[in-house]
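Colleague: coords please:
(4 chains)
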Protein chains: 2
Amino acid sequence: MSESLNKNHDRYFVPGLARGLRVLEVIAQADQPLTIAEIGKKLGISRSSAFRITYTLSYLGYLSSDKGDKLYELGPRVLDLGFSYLNRQDIIKLAKPYLEKLRDQTDVSSHLAIRDGKEVLYLDNIISRSSFVSNITTGDRRPIYATPLGWILLGDLSETSIRKLFEGDQFKILTPHTPKNIDELINRVRAAREQGYVISRGFVQRGGSTITAPVLNEIGKVVAVIDISAPDSAFSFDKMDSFYVPAVVDTAREISKNLGHRG
Amino acid sequence: MSESLNKNHDRYFVPGLARGLRVLEVIAQADQPLTIAEIGKKLGISRSSAFRITYTLSYLGYLSSDKGDKLYELGPRVLDLGFSYLNRQDIIKLAKPYLEKLRDQTDVSSHLAIRDGKEVLYLDNIISRSSFVSNITTGDRRPIYATPLGWILLGDLSETSIRKLFEGDQFKILTPHTPKNIDELINRVRAAREQGYVISRGFVQRGGSTITAPVLNEIGKVVAVIDISAPDSAFSFDKMDSFYVPAVVDTAREISKNLGHRG
DNA sequence: AACATTTGTTTTATATACAAAACTTAAGGA
DNA sequence: TCCTTAAGTTTTGTATATAAAACAAATGTT
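Modeller: Residues are numbered from 1 along each chain as shown, chains lettered A, B, ... in the order given. Just a heads-up that it's a prediction; the model follows:
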């Protein structure tokens, strides 16, 4: 019911702050506005504390309580932090024209993503003009072990770093191609690094295909990853190696080159 | 140097939470990563408190400290709240196809916005295909008194509500068309409400034009506003009344109609 | 309609978050 | 090299944030 609330996890923890952010997260994840009592239950804190936190968050615009002041949902203020973060990621602005060109060449959607811990975080989403509705939007996260994007991103870490990162984790098997354990994951990562790109057919989603390649900075560190991805029907599979792969790899290389110049 | 930190503004305030969010805001607004000492100075809190807050925020992923652990910037976690908010705004999904159609008809950029207090908040931004680089992106805010979008949005408030909202405020005059005081603003709002739309030529920005119309819910409340906007050169001014205005007004009406059906 | 439950709000005694001060590094200038 | 200043970290006494308990209002049930 309630994950342990990291009480004095370290002696420098500010509990009021941690709890307030947990409240925002819980409300963000809930699929409907929550009452004070529900928030308290979900976090395992007293109603009075939940009351004080929602009071503070509402005052600051991070929560808004519409229907008769009883139900709390996210307030518009939360947008500011997110977009401020996005606007700071120079790689988005830098990569966008290249990704658009790639989309136009291939007529499938292209994406830009980075690693955040054990997750892939999508930073941009250039949708196909023939517009199959994409199931990915900016800000989405996916488990890093389960996607080709992730295998490329992990290529930057040593084997021991990867083992430490996933220590004790159970991999949820999403498709027949999902690595079943750390060893299989490490093989995937190594293969991806050696090849310099990943082609996947139905790895992440049945009937969907992806081609993925890394964006490197001046010292060869993997700072981001790009892909093109679409239902199989959108690809001409006979042109996979001759056309799609070079298109993605070259685009990644161009972005990498310009990254070196500026950043 | 430091805005007064709302000490026990009310007895239910959670100061640790309020300060933590202020830290995030200050870092979001700064144009470079900040040190603990700088954060403390900006907020008027002690270094030790700034240390504990950044410690907590970093642990939770809301801050990241790259360069040698001394400089703090926003962490990727801040994205989750923002996008969760956006995904919850059904009006965005609902309005998008209509705005795209409007963009295609007129070949200028179109936008969707709502009111947040004294600000206009942009929720979507459909850029022109002939793509003059738009100076507006999702998440942007503008002072509500200074823009036609704002005059429409304020149409939902009574005159006394408007006076209360801006009580004691000084209006910064951005263009010759900016209302100089509350009375002028109220005239603009009234005119906008009576006309049902606003045409502006260079009101907000020199050489730029906008046409704006309200989105209403089933009981006639203004819940959002749409516009098309571009440099003057993108418009054919002889078709202003015959083509552009009806296009925007009709689109707003269609969105309003569908809003009633679903929400 | 009466009772029982649940939820939001207020009070309050006490556990603890906070700022000041002490300590530790690091950087810069003389 | 030594001295000074500034910044990050740790400790600590005290002001205060907090959870429990009390209260009030609303909602649900028999």
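
Colleague: tell me how chain A divides into domains.
Modeller: Following automatic domain parsing, one gets these domains for chain A: A:15-80, A:89-262.

Colleague: how far off centre is the last one?
Modeller: Meaning domain A:89-262. Distance, stretch centre to chain centre, for domain A:89-262: 11 Å (CA atoms, centre = their mean, to the nearest Å).

Colleague: do the shortest one as well
Modeller: Counting by CA atoms, centre = their mean, domain A:15-80 is centred 24 Å from the centre of its parent chain.

Colleague: that older thread, distance to B:Ile45 and mean neighbour count for the domains of chain A - can I get that in JSON lines?
Modeller: Using the backbone N, CA and C atoms, a C-beta is placed for each residue, glycine as well. Below are those laid out as JSON lines (distance: least, CB to CB, whole Å; neighbours: other CB atoms under 10 Å in any protein chain shown):
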{"stretch": "domain A:15-80", "distance to B:Ile45": "13", "mean neighbour count": "19"}
{"stretch": "domain A:89-262", "distance to B:Ile45": "28", "mean neighbour count": "18"}
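
Colleague: nearest to DNA strand D, of those?
Modeller: domain A:15-80 (2.8 Å; CB to the nearest atom of the strand).

Colleague: average pLDDT across that closest one?
Modeller: Averaged across domain A:15-80, the pLDDT comes to 93.

Colleague: next, the distance between the ends of that domain.
Modeller: Domain A:15-80 has an end-to-end distance of 24 Å (criterion: CA to CA, to the nearest Å).

Colleague: can you check stretch A:58-66 too?
Modeller: Terminal residues of stretch A:58-66 lie 11 Å apart, using CA to CA.

Colleague: re earlier: just put the domains of chain A in CSV and tack on distance to B:Tyr85.
Modeller: Listed next are the domains of chain A as CSV, based on distance: least, CB to CB, whole Å:
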stretch, distance to B:Tyr85
domain A:15-80, 4
domain A:89-262, 10
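
Colleague: which of these sits closest to B:Leu21?
Modeller: Closest to B:Leu21 of those is domain A:15-80 (CB to CB; 5.9 Å).

Colleague: so what's A:Glu119 closest to, chain neighbours aside?
Modeller: A:Arg141 (4.4 Å; CB to CB, 6 or more residues apart in numbering or on different chains).

Colleague: gap between that neighbour and A:Leu60?
Modeller: A:Arg141 is 26 Å from A:Leu60, where distance means CB to CB, to the nearest Å.

Colleague: could you do A:Leu94 as well?
Modeller: In this view, A:Leu94 and A:Leu60 are 34 Å apart by CB to CB.

Colleague: with A:Asp183 instead?
Modeller: Distance check for A:Asp183 against A:Leu60: by CB to CB, it reads 47 Å.

Colleague: and the residue nearest to A:Glu119, what are its bridge partners?
Modeller: Beta-bridge pairing of A:Arg141, defined through DSSP bridges, involves A:Leu121.

Colleague: so who does it touch?
Modeller: By CB atoms under 8 Å, 6 or more residues apart in numbering or on different chains, the contact set of A:Arg141 is A:116, A:119-122, B:80.

Colleague: out of those, which two sit at the greatest distance?
Modeller: A:Val120 and B:Asp80 (13.8 Å).

Colleague: so who does the residue of the stretch 51-200 of chain A found nearest chain B touch?
Modeller: Going by CB to the nearest CB, chain B is nearest to A:Gly82 of the stretch 51-200 of chain A, at 2.4 Å. A:Gly82 sits next to A:139, B:78-83, B:139 when contact means CB under 8 Å, 6+ apart.

Colleague: want to throw the residues you listed into CSV with secondary structure and distance to B:Ser200?
Modeller: Shown next, in CSV, are the contacts of A:Gly82 (DSSP: H, G, I helix; E, B strand; the rest coil; distance: CB to CB, whole Å):
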residue, secondary structure, distance to B:Ser200
A:Gly139, coil, 33
B:Val78, helix, 34
B:Leu79, helix, 34
B:Asp80, helix, 36
B:Leu81, helix, 33
B:Gly82, helix, 29
B:Phe83, helix, 31
B:Gly139, coil, 22
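
Colleague: how about the strands in the stretch 1-150 of chain A?
Modeller: A:63-65, A:72-74, A:109-116, A:119-126, A:141-143 (DSSP state E, counting those that start in this stretch).

Colleague: lowest-confidence stretch among those?
Modeller: Taking each of these in turn, the one with the lowest mean pLDDT is strand A:63-65, at a mean of 92.

Colleague: can you list contacts of it?
Modeller: Contact partners of strand A:63-65, identified using CB under 8 Å, 6+ apart, comprise A:23-24, A:27, A:33, A:54, A:57-58, A:71-76.

Colleague: tell me how far A:Tyr98 lies from A:Thr210.
Modeller: 18 Å.

Colleague: follow-up on the earlier one: and which of the contacts of A:Arg141 is nearest DNA strand C?
Modeller: Taking CB to the nearest atom of the strand as the measure, DNA strand C lies nearest B:Asp80 of these, at 23.8 Å.

Colleague: spatially nearest residue to the closest one, not counting backbone neighbours?
Modeller: Leaving aside its chain neighbours, B:Asp80 sits nearest to A:Ala28 (6.3 Å; criterion: CB to CB, 6+ apart).

Colleague: next one: A:Thr251
Modeller: Closest residue to A:Thr251 apart from its sequence neighbours, by CB to CB, 6+ apart: A:Leu102 at 4.6 Å.

Colleague: my read: the one you found touches A:Val248, true?
Modeller: Yes: with contact defined as CB atoms under 8 Å, A:Leu102 reaches A:Val248; the gap is 6.8 Å.

Colleague: list the contacts of A:Arg188.
Modeller: The contact partners of A:Arg188, by CB under 8 Å, 6+ apart, come to A:151, A:179.

Colleague: where's it relative to A:Val215, distance?
Modeller: From A:Arg188 to A:Val215 the distance is 19 Å (CB to CB).

Colleague: kindly report the same for A:Ile186.
Modeller: Counting by CB to CB, the gap between A:Ile186 and A:Val215 amounts to 22 Å.

Colleague: same check on A:Arg163?
Modeller: To A:Val215, A:Arg163 is 25 Å away according to CB to CB.

Colleague: re earlier: using JSON lines, please lay out the contacts of A:Gly82 together with distance to B:Pro179.
Modeller: Shown next, in JSON lines, are these (distance: CB to CB, whole Å):
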{"residue": "A:Gly139", "distance to B:Pro179": "36"}
{"residue": "B:Val78", "distance to B:Pro179": "35"}
{"residue": "B:Leu79", "distance to B:Pro179": "36"}
{"residue": "B:Asp80", "distance to B:Pro179": "38"}
{"residue": "B:Leu81", "distance to B:Pro179": "34"}
{"residue": "B:Gly82", "distance to B:Pro179": "31"}
{"residue": "B:Phe83", "distance to B:Pro179": "34"}
{"residue": "B:Gly139", "distance to B:Pro179": "25"}
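
Colleague: with distance to DNA strand C added, can I get these in CSV?
Modeller: Output for the contacts of A:Gly82, formatted as CSV (distance: CB to the nearest atom of the strand, whole Å):
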residue, distance to DNA strand C
A:Gly139, 29
B:Val78, 20
B:Leu79, 26
B:Asp80, 24
B:Leu81, 21
B:Gly82, 25
B:Phe83, 26
B:Gly139, 29
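
Colleague: which element is the nearest residue to A:Ala252 once chain neighbours are set aside on?
Modeller: Closest residue to A:Ala252 apart from its sequence neighbours, by CB to CB, 6+ apart: A:Ala213 at 3.8 Å. Per DSSP states H and E, A:Ala213 falls inside strand A:208-216.

Colleague: in its sheet, what does that strand sit against?
Modeller: Neighbouring strands of strand A:208-216 in its sheet, by DSSP bridges, are strand A:198-201 (antiparallel), strand A:222-231 (antiparallel).
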